[in-house]
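1. Sequence first, predicted coordinates after that:
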Protein chains: 2
Amino acid sequence: MRIGVLGGDGFVGWPTALHLSARGHEVVIVDSLVRRQIDGELDVQSLTPITSPKERRDAWAELSGRHIHLERIDLAKDYGELKAWLAAFRPDALIHLAEQRAAPYSMKSARQKRYTVDNNVNATHNLLAALVELGLDAHLVHLGTMGVYGYSTIGAPIPEGYQPIKIDLPNGDVAAQDILYPANPGSIYHMTKCLDQILFAYYAKNDGLRITDLHQGIVWGTNTAETGRDERLINRFDYDGDYGTVLNRLLIQGAIGHPLTVHGTGGQTRAFIHLQDSVRCIELALQNPPERGERVKIFNQMTETHRVRDLAAMVSRLTGAPIEYVTNPRKEAAENDLVVKNDQFLALGLQPTTLSAGLLTEIVEVARRYGHRVDARHVPCVSAWTREIAERLAAERRPHLVKAAS
Amino acid sequence: MRIGVLGGDGFVGWPTALHLSARGHEVVIVDSLVRRQIDGELDVQSLTPITSPKERRDAWAELSGRHIHLERIDLAKDYGELKAWLAAFRPDALIHLAEQRAAPYSMKSARQKRYTVDNNVNATHNLLAALVELGLDAHLVHLGTMGVYGYSTIGAPIPEGYQPIKIDLPNGDVAAQDILYPANPGSIYHMTKCLDQILFAYYAKNDGLRITDLHQGIVWGTNTAETGRDERLINRFDYDGDYGTVLNRLLIQGAIGHPLTVHGTGGQTRAFIHLQDSVRCIELALQNPPERGERVKIFNQMTETHRVRDLAAMVSRLTGAPIEYVTNPRKEAAENDLVVKNDQFLALGLQPTTLSAGLLTEIVEVARRYGHRVDARHVPCVSAWTREIAERLAAERRPHLVKAAS
């Protein structure tokens, strides 16, 4: 297949591009490289020393004999270039990861909120509009998030996108419907993925576009079979309070001897998936597109759920680092249950890579190897969800958390 | 109250600004004037000879002794100016009508689709982000559309925003919830109002903003008590296939002796409201804001429903113009029922101005007076919802519909 990986320089995009290239697909990475710019804006860097886009592309060609083409296009801004590239490449499929993907970053201030909404909505919509304008029948596979569901208190397992409901009719009958799960996003970032869902539903209905939306859990791990082949192929690994995902962040804290910071009671239950499974799921989704005219196909891309405090306890046992409970910068329930259906990927043959001490130790090793690159000031999550929480956080600054590892 | 009318130069905005000014409120019109530019882009003009923003503002001051201030700000683009204005004016309420509001325009081509999404989402989001950044507790009243509901086939009346549903639980219990009505937009324009709904729900939940969303039916009529006071205050009246709303368009066709073009079977049932009621409803919504922390307050701003072919028959009797059934440029059900709840505005005292031959005749009079300004080439709706419909329309061009009145 001819496949465009949009956002293919990123944390999930790069391993996805290599995985698909290794399987013989013709892969083009389309990326604005804005994620590397944001490192500069936040004054942090990936824990792992990622090489430049061209250097890693060339290293992959040297090692695998397969060439990945790079296109620097900003989907949200460069509609003309996007269209020209699509018209020339005529992809069979597009993997759309070209969105700002950190909830804490999206909550930092009005500037990041506005950037996240503007970038994510326009990137997705430009893509949809271009496919229709060009009459291209490429299968669009989008990386969504489990966060579109919010943390429901309904008490039923989270379905894969569509919820069967019943409505009482005035004549006493009951109407049954299957609706897109009611959106209840927990941050501006998560909200943009809810907006995406409506864009997708509309374009699938009106224009018959073939679209798959993957509602992914929190990704952990750093390398895949392909990125682990050579240090020049190493994948991005974020440890900072804005871009570091919870388990990866705890592992880094443990590795460098920083207290493991747990928000609130740590009673939040989250869905997780290993990076290797993430790229496998994307491949499975590619192999199983919806029909033209079918509604958007939605998968829950996660393999297990865990409570944050249980993860912290596991990392603490592994590394000896103490746990410190801190004020939650997010506005959310202190404790939540989470039961998620993921039958579709299991039925397609996914063999989940679940959390184990062995795999966690591997990540701690990586973290220790590159520990000198960590700037401990950037480990705490300081992006507050509301003005009130920001004030509370400011009042209780804990300098020892910052200094612990510096 | 200090009230900002965003989009206050437009079809509903201008009468709203005058209505509120007449009632003693301190009104500022904020507008990018893009709607006047679009007239140029489409090579059409308002049937009525609207004066310049300053000329009508000055005429209002002369007649009423009340001054309306004008601010030329593009909400979607000029965040800094928007913020500076909000910080200085510190409004008690904002009426948000600053969105591209024509479904056919939003479907013309990728350019208009992209403009509509970019403009509407960013205008709304910039406003929300600015209120939070400034810590302003202004009541935000947004003009939504009945189109967010789509044309449901559930069989239950359309509620005011929130639908009670039931979900079967694994343990045999049934969970009851009240959810935002499942979105099913019929065009890019309508879709943006569904996106707005998610933005509003999020900011009400996370930041406690006080927001009212008015899901308006199709507006008919041209003047209100205030705009009718002097020809310099005359309101915009669109008759073209892109911006003309269905009843107003049929009335113009009848007035100038053009066949009344009905899409498909004319079996579409639509919700309507007279312009005078529209401004009254906005005033009622202003007087009844939600509490801080309350969910978004949603009203259905409509007073009656009619089938398009019945309206055409009424206009035909009134004007003698024949009816011509033409291919529907929209992708929609040929026939639909529509039962809508509007109890809230009725309970607040709204006295609906319903369709009557008398009021229709008044509009026909206006149309005849300015009939020389009509360019008959622009009367047919040519903006097609899909590539297939566009091809069908092109194959069956009916030149007599264009020539009839030229």
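-> All right, it came through fine. Since the structure is predicted, the reported quantities are computational estimates derived from the model, not experimental observations.
2. What helix or strand is the residue most central in space within chain A located in?
-> When Cα atoms, centre = their mean is applied to chain A, the residue found nearest the centroid is residue A:101 (5.9 Å). Assigned by DSSP states H and E, residue A:101 falls within no helix or strand.
3. Enumerate every residue touching it.
-> A:10-11, A:189 (Cβ atoms under 8 Å, 6 or more residues apart in numbering or on different chains). Any C-beta I mention is one placed from the backbone N, CA and C, and that applies to glycine too.
4. Would you mind listing what in the stretch 201-350 of chain A touches chain B?
-> By Cβ under 8 Å from any Cβ of the partner chain, the residues of the stretch 201-350 of chain A that approach chain B are A:201-202, A:206-207, A:331.
5. can you put those residues in a markdown table and add secondary structure?
-> A markdown table is the format used below for these (DSSP: H, G, I helix; E, B strand; the rest coil):
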| residue | secondary structure |
| --- | --- |
| A:201 | helix |
| A:202 | helix |
| A:206 | helix |
| A:207 | helix |
| A:331 | coil |
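6. Residue A:108 - that's part of a strand, no?
-> No - looking at residue A:108 with three-state DSSP, it is coil, so not inside a strand.
7. For burial, what's the neighbour tally of it?
-> The number of residues packed near residue A:108 is 19, by other Cβ atoms under 10 Å in any protein chain shown.
8. Please apply the same query to the one 3 residues further on.
-> For residue A:111, the neighbour count with other Cβ under 10 Å is 12.
9. again, but for residue A:275
-> 22.
10. Might you name the residue of the stretch 301-406 of chain A sitting closest to chain B?
-> Residue nearest to chain B within the stretch 301-406 of chain A: residue A:331 (5.8 Å; Cβ to the nearest Cβ).
11. quick one: contacts for that residue?
-> Counting by Cβ under 8 Å, 6+ apart, residue A:331 touches A:186, A:385-386, A:389, B:206.
12. These: which two are farthest apart?
-> A:186 and A:389 (13.2 Å; Cβ to Cβ).
13. Identify the contacts common to these two.
-> Common neighbours of residue A:186 and residue A:389, using Cβ under 8 Å, 6+ apart, are A:330-331.
14. mind listing the helices for the stretch 1-150 of chain A?
-> For the stretch 1-150 of chain A, the helices defined by DSSP state H, counting those that start in this stretch occupy A:13-22, A:34-42, A:53-64, A:79-89, A:103-106, A:110-134.
15. Neighbour-wise, which one of the contacts of residue A:331 leads?
-> Highest neighbour count within these, by other Cβ under 10 Å: residue A:186, with 23 neighbours.
16. give me phi/psi at the nearest residue to residue A:343 once chain neighbours are set aside?
-> Of all residues not flanking residue A:343 in the chain, residue A:160 sits nearest, at 7.3 Å (Cβ to Cβ, 6 or more residues apart in numbering or on different chains). Taking degrees, to the nearest 10, you get phi -90, psi 80 for the backbone angles of residue A:160.
17. Distance check, residue A:326 against residue A:338.
-> Computed as Cβ to Cβ, to the nearest Å, the residue A:326 to residue A:338 distance reads 22 Å.
18. nope, residue A:298 is what I was after
-> Residue A:298 is 17 Å from residue A:338, where distance means Cβ to Cβ.
19. These two: who's more crowded?
-> residue A:298 (24 against 19).
20. Assign a three-state SS to the more buried one, would you?
-> Classification of residue A:298 by three-state DSSP places it in strand.
21. right, and it touches residue A:162 too?
-> Yes - the criterion here is Cβ atoms under 8 Å, and residue A:298 meets it with residue A:162 at 6.8 Å.
22. Tell me the one among the residues of the stretch 201-350 of chain A next to chain B nearest to residue B:373.
-> Closest approach between these and residue B:373, by Cβ to Cβ: residue A:206, at 34.0 Å.
23. Go ahead and confirm that closest one touches residue B:385.
-> Yes - in this structure, residue A:206 is within contact of residue B:385 by Cβ under 8 Å, at 6.3 Å.
24. The stretch 201-350 of chain A: strands as residue ranges?
-> A:211-216, A:218-220, A:260-263, A:269-274, A:297-301, A:304-307, A:323-326 (DSSP state E, counting those that start in this stretch).
25. The first one versus helix A:110-134: what angle between them?
-> Spelled out, that is strand A:211-216. Going by axes from the mean of the first three to the mean of the last three Cα atoms, to 10 degrees, strand A:211-216 is angled at 150 degrees with respect to helix A:110-134.
26. mind checking which of the helices of the stretch 1-150 of chain A is nearest chain B?
-> helix A:110-134 (4.3 Å).
27. sorry, back to before: hmm, which of the residues of the stretch 201-350 of chain A next to chain B is lowest in pLDDT?
-> Across those, the smallest pLDDT goes to residue A:331, namely 94.
28. Just give the nearest non-adjacent residue to that residue, would you?
-> Counting by Cβ to Cβ, 6+ apart, the residue nearest residue A:331 is residue A:385, at 4.1 Å.
29. Work out for me the element the one you found sits within.
-> Counting by DSSP H and E, no helix or strand carries residue A:385.
30. Residue A:361 too?
-> Short version, using DSSP H and E: residue A:361 is in helix A:357-369.
31. list the helices and strands that helix packs on?
-> With contacts defined as 3 or more Cβ pairs under 8 Å, 6 or more residues apart in numbering or on different chains; DSSP states H and E, helix A:357-369 has these neighbours: helix A:246-255, helix A:308-319.
32. can you list the residues of the stretch 1-150 of chain A near chain B?
-> Residues of the stretch 1-150 of chain A lying near chain B (Cβ under 8 Å from any Cβ): A:79, A:109-110, A:113-114, A:117-118, A:121-122, A:125-126, A:129-130, A:132-133, A:135.
33. still on that earlier bit, any chance you could list what contacts the helix holding residue A:361?
-> A:47-48, A:220-223, A:237, A:239, A:248, A:251-252, A:254-256, A:274, A:314-315, A:318-319, A:353.
34. So residue A:207 is in contact with residue A:132, correct?
-> Yes - counting by Cβ under 8 Å, residue A:207 does reach residue A:132; the two are 4.9 Å apart.
35. Now the common contact residues for the two.
-> Common neighbours of residue A:207 and residue A:132 (Cβ under 8 Å, 6+ apart) are residue B:387.
36. any low-confidence regions in the stretch 251-400 of chain A?
-> Within the stretch 251-400 of chain A, the ranges that satisfy pLDDT under 70 run A:398-400.
37. Could you rerun that using 90?
-> A:257, A:334, A:337, A:356-363, A:376-377, A:379-382, A:394-400 (pLDDT under 90).
38. any weak-confidence spans in the stretch 1-150 of chain A?
-> A:150.
39. Pull up the gap between the residue lying farthest from the centre of chain A and chain B, please.
-> Relative to the centre of chain A, the most outlying C-alpha is that of residue A:171, 45.5 Å out, by Cα atoms, centre = their mean. Note on residue A:171: its distance to chain B, by Cβ to the nearest Cβ, to the nearest Å, is 8 Å.
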